[in-house]
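K.L.:
following is a predicted model, sequence given first.
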Amino acid sequence: MTLKKRILSNGIASIFQKGVRVLEELILVPFFISAWGAAYYGEWLTLTIIPSVMAFSNLGFGTAAANSLVLSYAAGEKQKAADINKTGLYIITIMIFAGIIISLASILLLDYFHVFDKSLINRSEAIQAISFLIVARLLDFYYNLFEAYFRAAERAALSINLRSIRSALNIASGWLILFLGYGIVEFAFTQLLVLITFNCFYWLKGKYILGLYKNYKGRLDKSIIKEITNKGLSYLMLPIWQIIYFQGTTFVVRIVLGPEAVAIFNTVRTLSRSLNQILYMIEPTVFPELQIQIGKNNWKTAQQIFRMSLIGVFLLSTLGFMFLAFFGLWFYNIWTNNELEVTKLMWYIFISGMLFNSMWYTTEMVFRAVNEPKKMGVFGIFAALISVGITYLLAKQIGLIGAAIGAISIDFILVFLIVPYGCKLMKMTFKELLIYGWSDFKSLNLILRNKLLNLKR
């Protein structure tokens, strides 16, 4: 399959995936609010901070091993790729056991200080539900390495489609639990059950498609352990800054403004970023091919893929901003059954961040493609700390409006840090990005016009 056909297949799969992902984030919210109430749901969001922390940690050692495997395989170093796979599985398994111990200690510590007793949710149910979610997040550590099998085999579209099926299963099982009137324990358990079943199938399918095990037997390699550990620690900075930002801002709003404000803040942030899921489909569409071209040392092609991706995202985000400005609040009221009140100013503040968010998010894939995450982690932690600080200060002064300003400040900071450095990693200047990027789009537009004319004839 040619590069263009693979990108097209990835794009179609990504469109479907993002549609399912938007549904996964949005469709259950009205059922949560209806079944549990706004305050109880807000308290549940606060309690899920612990498993969410574990989920973000998934981006560390697994991502380091996955990117190393793909780059080695693309460069023709099959034995090294097999060794990376074996060593990566070993490291990830150790991390899972370490995560279980840390999580158990954290839950016991929180229970000792009666944190769960202060919640609107029953103490016993809260501990059980969080435990199920933590185990699910930990077992998902394997996902990144399994996904690399498909990427290395240039079958990324299949991986994306399979991931969409998992999201659909999460939606269906979650809806069923809420419809039947069950609580948080049953909801968390079904999420764990779906994950275990899916990951077993996903691993076996990816292993068969790559076929690396047929000719190469992986070995534990101390030098690879050291390399993956160093890269993994750098990748861990990425979830750390996301934890600081997402959970930090949520916690600040809970402390300063209360549980109902958390429900408003998180639902507005979720909906205002809903169209970002459409923009984000560009990243899984082009990232596998970008990394393969870099692995093969085809920098000219890789640069063109990057330029068209970034400029395309900016144009789409502009259209998305306009759409949400006109129709977003109307849909929000329907989505939340008119139970949560949001001002127009707060809404406009939140959606303004999408223009910048989409640009730095798209550029972020370059750091992973070349397997150099450290600088991205430093930028992210710096911006997240500032954003949480602004959220706290302004929330105390002007309430949810201030919290909204603090929440989007991270996007303004990151776009000015990440995009120029991403260009440097791609061995090009920011000026070249703009000049050649528009030229690429003009060429693409001309090709599409010629094809349309040929079809009409």
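P.N.:
Received, thanks.
K.L.:
going forward, measure contacts and count neighbours with C-alpha atoms only.
P.N.:
Fine.
K.L.:
and the helix or strand where Leu316 lies, what does it pack against?
P.N.:
Using DSSP states H and E, Leu316 sits within helix 299-335. Under the contact criterion of 3 or more Cα pairs under 8 Å, 6 or more residues apart in numbering; DSSP states H and E, helix 299-335 touches helix 259-272, helix 276-279, helix 282-295, helix 344-352, helix 354-369, helix 430-456.
K.L.:
that helix: which residues count as buried?
P.N.:
299, 302-314, 316-317, 320-321, 324-325, 328-329, 332, 335 (16 or more other Cα atoms under 10 Å).
K.L.:
angle of that helix against helix 282-295?
P.N.:
160 degrees (axes from the mean of the first three to the mean of the last three Cα atoms, to 10 degrees).
K.L.:
in contact with Gly248, which residues?
P.N.:
Val388 (Cα atoms under 8 Å, 6 or more residues apart in numbering).
K.L.:
the helix or strand containing it vs helix 259-272, what angle?
P.N.:
Using DSSP H and E, Gly248 sits within helix 248-257. Interaxial angle, helix 248-257 versus helix 259-272 (the same axes, to 10 degrees): 140 degrees.
K.L.:
list the buried residues of helix 248-257.
P.N.:
For helix 248-257, by 16+ other Cα under 10 Å, it's Gly248, Thr249, Thr250, Phe251, Val252, Val253, Arg254, Val256, Leu257.
K.L.:
any figure for the gap between Ser173 and Glu125?
P.N.:
Going from Ser173 to Glu125 by Cα to Cα, to the nearest Å gives 19 Å.
K.L.:
same check on Thr46?
P.N.:
14 Å.
K.L.:
and those two? Which one has more around it.
P.N.:
Thr46 (18 against 15; other Cα atoms under 10 Å).
K.L.:
ok, that one touching Thr250?
P.N.:
Yes: with contact defined as Cα atoms under 8 Å, Thr46 reaches Thr250; the gap is 7.3 Å.
K.L.:
shaky segments in the stretch 301-450 of the chain?
P.N.:
Low-confidence segments of the stretch 301-450 of the chain, defined by pLDDT under 70: 437-450.
K.L.:
can you count the residues close to Glu341?
P.N.:
By other Cα under 10 Å, neighbour count at Glu341 equals 11.
K.L.:
repeat for Ala35
P.N.:
The number of residues near Ala35, taken as other Cα under 10 Å, comes to 17.
K.L.:
hmm, it is touching Ile177, no?
P.N.:
No: judged on Cα under 8 Å, Ala35 makes no contact with Ile177 at a distance of 10.3 Å.
K.L.:
what helix or strand does Ala72 sit in?
P.N.:
Actually, residue 72 is Ser. It isn't Ala. helix 61-74.
K.L.:
tabulate the buried residues of helix 248-257 (a markdown table), appending distance to Ser9 and pLDDT.
P.N.:
As requested, these are exported to a markdown table (distance: Cα to Cα, whole Å; pLDDT from 0 to 100):
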| residue | distance to Ser9 | pLDDT |
| --- | --- | --- |
| Gly248 | 38 | 90 |
| Thr249 | 37 | 91 |
| Thr250 | 37 | 89 |
| Phe251 | 40 | 90 |
| Val252 | 42 | 92 |
| Val253 | 41 | 91 |
| Arg254 | 43 | 88 |
| Val256 | 47 | 91 |
| Leu257 | 46 | 88 |
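K.L.:
what's next to stretch 60-78, contact-wise?
P.N.:
So stretch 60-78 is contacted by 80-82, 84-85, 88, 91-92, 141-149, 151-152, 212, 216, 228-229, 231-239, 291-292, 294-296, 368-369, 371 (Cα under 8 Å, 6+ apart).
K.L.:
what's the answer for stretch 414-423, then?
P.N.:
Outside stretch 414-423, the residues within contact range by Cα under 8 Å, 6+ apart are 356-357, 359-360, 363-364, 366-367, 376, 379-380, 383, 429-430, 433.
K.L.:
by neighbour count, which of these wins?
P.N.:
Neighbour counts for the contacts of stretch 414-423 (other Cα under 10 Å) peak at Val366, which has 28 neighbours.
K.L.:
wait, that residue sits on Lys427?
P.N.:
No: taking contacts as Cα under 8 Å, Val366 lies outside contact range of Lys427: 11.1 Å.
K.L.:
ok now the helix or strand that contains Ala98, how far from the chain's centre?
P.N.:
Per DSSP H and E, Ala98 falls inside helix 78-112. Computed by Cα atoms, centre = their mean, to the nearest Å, the chain-centroid distance of helix 78-112 equals 20 Å.
K.L.:
next helix or strand past it?
P.N.:
Counting by DSSP H and E, the element after helix 78-112 in chain order, helix or strand, is helix 123-139.
K.L.:
how about that next one: buried residues?
P.N.:
For helix 123-139, by 16+ other Cα under 10 Å, it's 126-139.
K.L.:
so it versus helix 78-112, what angle?
P.N.:
Put simply, helix 123-139 runs at 170 degrees to helix 78-112, going by the same axes, to 10 degrees.
K.L.:
elements contacting helix 123-139?
P.N.:
Looks like helix 123-139 contacts helix 49-57, helix 78-112, helix 184-210 (3+ Cα pairs under 8 Å, 6+ apart).
K.L.:
comparing these by mean pLDDT, which bottoms out?
P.N.:
Per-stretch mean pLDDT for those is lowest at helix 49-57 (a mean of 66).
K.L.:
could I have the CA atoms of stretch 324-341 written out in CSV?
P.N.:
Extracted as CSV, the C-alpha positions of stretch 324-341 are listed here (Å, rounded to 0.1, in the frame of the first residue of the first chain):
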residue,chain,number,x,y,z
LEU,A,324,-19.1,26.5,18.6
ALA,A,325,-19.5,30.3,18.9
PHE,A,326,-22.9,30.1,17.2
PHE,A,327,-24.3,26.7,18.3
GLY,A,328,-22.2,25.5,21.2
LEU,A,329,-24.3,26.9,24.1
TRP,A,330,-27.6,25.8,22.6
PHE,A,331,-26.2,22.2,22.4
TYR,A,332,-24.8,22.5,26.0
ASN,A,333,-28.2,23.3,27.4
ILE,A,334,-29.7,20.3,25.6
TRP,A,335,-26.8,18.1,26.6
THR,A,336,-27.1,18.9,30.4
ASN,A,337,-30.9,19.0,30.4
ASN,A,338,-30.8,22.7,31.3
GLU,A,339,-29.6,21.8,34.8
LEU,A,340,-26.3,23.7,34.6
GLU,A,341,-26.1,27.4,33.9
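K.L.:
what's in contact with that stretch?
P.N.:
With contacts defined as Cα under 8 Å, 6+ apart, stretch 324-341 is touched by Val29, Pro30, Ile33, Ala38, Ile264, Val268, Leu271, Ser272, Lys344, Trp347, Tyr348, Ile351.
K.L.:
the fourth one contacts Ala261, correct?
P.N.:
This points to Ala38. No: assessed by Cα under 8 Å, Ala38 is found out of contact with Ala261, at 9.4 Å.
K.L.:
what comes up buried for stretch 29-37?
P.N.:
Result for stretch 29-37 [16+ other Cα under 10 Å]: buried residues Val29, Pro30, Phe31, Phe32, Ile33, Ala35, Trp36.
K.L.:
quick one: the last one from Gly42, how far?
P.N.:
So that's Trp36. 10 Å.
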